[in-house]
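> only geometry, no sequence info:
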């Protein structure tokens, strides 16, 4: 009985090998006849039998699978499947130290990469002109296809993630940025670029050898080598932006926190964190983060301005004025800062006006309080005039000046600014 079983087992193995080779021959003939549907059918039939195949048969299977999916470059190509099949072949032949099919496939992949990358770049340039989300997404898909063909070129995955964001496909952009973090991608790389003579456009090559060959053949010119800095900080930033756009602010803050652990001195991530707190209406944390940012970058007038605004909202008037003054020191034509100093000064009159309203029957007290009110208004005038000087179209500033001039009986100035107001309102 044992002998019979062994004979049957041997017969089964023989039938399996025969089945593999038969299906591969069918696939090969179908590919030559451009009948890719039949070729893929034969490949699918052989796939379940290929695990135990010999080295030569396995290599041929991977080769024919890639060719069947590639469809001679005609029609709709599933670049994810084509890239997976071709790269599976290349990896297998590296393991088995064979180059029977890899050289042919490598040339084909390089050609595909160049074509798809060029088209994706063209699509991106067009999207930049139109600003249409659908055009950005079309370009993003192209960059993603390049990555599918050549997973080692992770920068194309980075490009795809960013351009999906521009196209407002925040879900896909988020997934790709998470994949980049999982891959520990940094973006630090050497880039080889030359100008294609036929199109006049710059082309990026996988390596110096490929670039030099194109230049030597006279197909490209002006070769150059560029060093790219780390992109990892930007990946944390952009991933957080995607979560924010998707309404998950808590997750966005979590991503920013991870980014700041890795880049504790990052001014950009700190500002993003501050803006997220502002979006959550957490004004205290927003102000705290801006003050932290000032320590990192004490020459940014916008930071001082925004902290001033937060202090105004918290009724810390004198503190607010100090921050606005610092903003003006750094940016002398900062019209909004002048405007807000004027507003902060006027705020000081509020308790006086309230007391005046409670003293309508006490004429002497009322007149004394009104004199204090007008002194405050006089103090505010120069700042509003400066604000008007640097932003003459701000209707709010013009209206405030009209009110101040009228209260202070500055008739000539009132008439001048009233004429400006009337001309704007016409």
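Structure received. Fair warning: this is a prediction, and the values are worked out from it, not measured in the lab.
> quick check, residue 221 in a strand?
Yes: under DSSP: H, G, I helix; E, B strand; the rest coil, residue 221 sits within a strand.
> Neighbours of it, how many?
Neighbourhood size, residue 221 [other Cβ atoms under 10 Å]: 12. The C-beta positions use only the backbone N, C-alpha and C, and glycine is treated the same way.
> can you start the count at 34 instead of 1 from here on
Sure, I'll start counting at 34 from here, so that last one is residue 254.
> I'd assumed residue 230 was in contact with it.
Yes: if you go by Cβ atoms under 8 Å, residue 254 and residue 230 touch, sitting 5.8 Å apart.
> For the closest residue in space to residue 296 that isn't next to it in sequence, list the residues it contacts.
Distance criterion Cβ to Cβ, 6 or more residues apart in numbering; nearest residue to residue 296, sequence neighbours excluded, is residue 266 at 5.0 Å. For residue 266, the contact set (Cβ atoms under 8 Å, 6 or more residues apart in numbering) comprises 292, 295-296, 299, 301-302.
> Of those, which pair is most distant in space?
For these, the farthest-apart pair by Cβ to Cβ is 295 and 301; their separation is 12.8 Å.
> Which helix or strand contains residue 208?
helix 203-215 (DSSP states H and E).
> Give me the below-cutoff pLDDT ranges for the protein.
Along the chain, the model assigns pLDDT under 70 to residues 34-54, 81-85, 106-108, 459.
> Give me the most central residue, it.
Centroid check for the chain by Cα atoms, centre = their mean gives residue 195 as the closest residue, at 4.0 Å.
> Okay, and the residue nearest to residue 296 sits in which element?
Counting by DSSP H and E, residue 266 is part of helix 265-278.
> Beyond that helix, next helix or strand please.
Next element after helix 265-278 (DSSP H and E): helix 282-295.
> Tell me what angle that next one forms with helix 265-278.
Per axes from the mean of the first three to the mean of the last three Cα atoms, to 10 degrees, the angle that helix 282-295 makes with helix 265-278 is 170 degrees.
> Mind listing residues that contact helix 282-295?
265-266, 269-270, 272-274, 276-277, 299, 302-303, 305-306, 309-310, 312-313.
> rerun at 7 Å
Residues from elsewhere that reach helix 282-295, judged by Cβ atoms under 7 Å, 6 or more residues apart in numbering: 266, 269-270, 272-273, 276-277, 299, 302-303, 305-306, 309, 312-313.
> quick one: the strands in the stretch 134-283 of the chain?
Along the stretch 134-283 of the chain, the segments classed as strands by DSSP state E, counting those that start in this stretch run 222-229, 235-238, 253-261.
> Check these for me and report the most buried one.
strand 235-238 (a mean of 18; mean count of other Cβ atoms under 10 Å).
> Packing partners of that strand?
The contact analysis (3 or more Cβ pairs under 7 Å, 6 or more residues apart in numbering; DSSP states H and E) places strand 235-238 against strand 222-229.
> Neighbouring strands - and their directions - for the strand it packs on?
Sheet pairing of strand 222-229 (DSSP bridges) gives strand 235-238 (antiparallel), strand 253-261 (antiparallel).
> Output those strands as JSON lines; include the columns distance to residue 200.
Shown next, in JSON lines, are the strands paired with strand 222-229 (distance: least, Cβ to Cβ, whole Å):
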{"stretch": "strand 235-238", "distance to residue 200": "22"}
{"stretch": "strand 253-261", "distance to residue 200": "23"}
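> Nearest to residue 219, out of those strands?
The closest of the strands paired with strand 222-229 to residue 219 is strand 253-261. By Cβ to Cβ, the value is 9.3 Å.
> ok, residues contacting the closest one?
Contacts for strand 253-261 (Cβ under 7 Å, 6+ apart): 220-230, 236, 244-245, 247-248.
> Out of those, flag the one nearest to residue 444.
Nearest to residue 444 among those, counting by Cβ to Cβ, is residue 220 at 64.6 Å.
> okay, now the nearest residue to residue 435 once chain neighbours are set aside: neighbour count?
Excluding its sequence neighbours, the residue lying closest to residue 435 (Cβ to Cβ, 6+ apart) is residue 450, at 5.4 Å. As a burial measure, residue 450 scores 24 neighbours (other Cβ under 10 Å).
> what helices or strands is the helix or strand containing residue 450 leaning on?
Residue 450 belongs to helix 444-458 when assigned by DSSP H and E. Counting contacts by 3+ Cβ pairs under 7 Å, 6+ apart, helix 444-458 is packed against helix 428-440.
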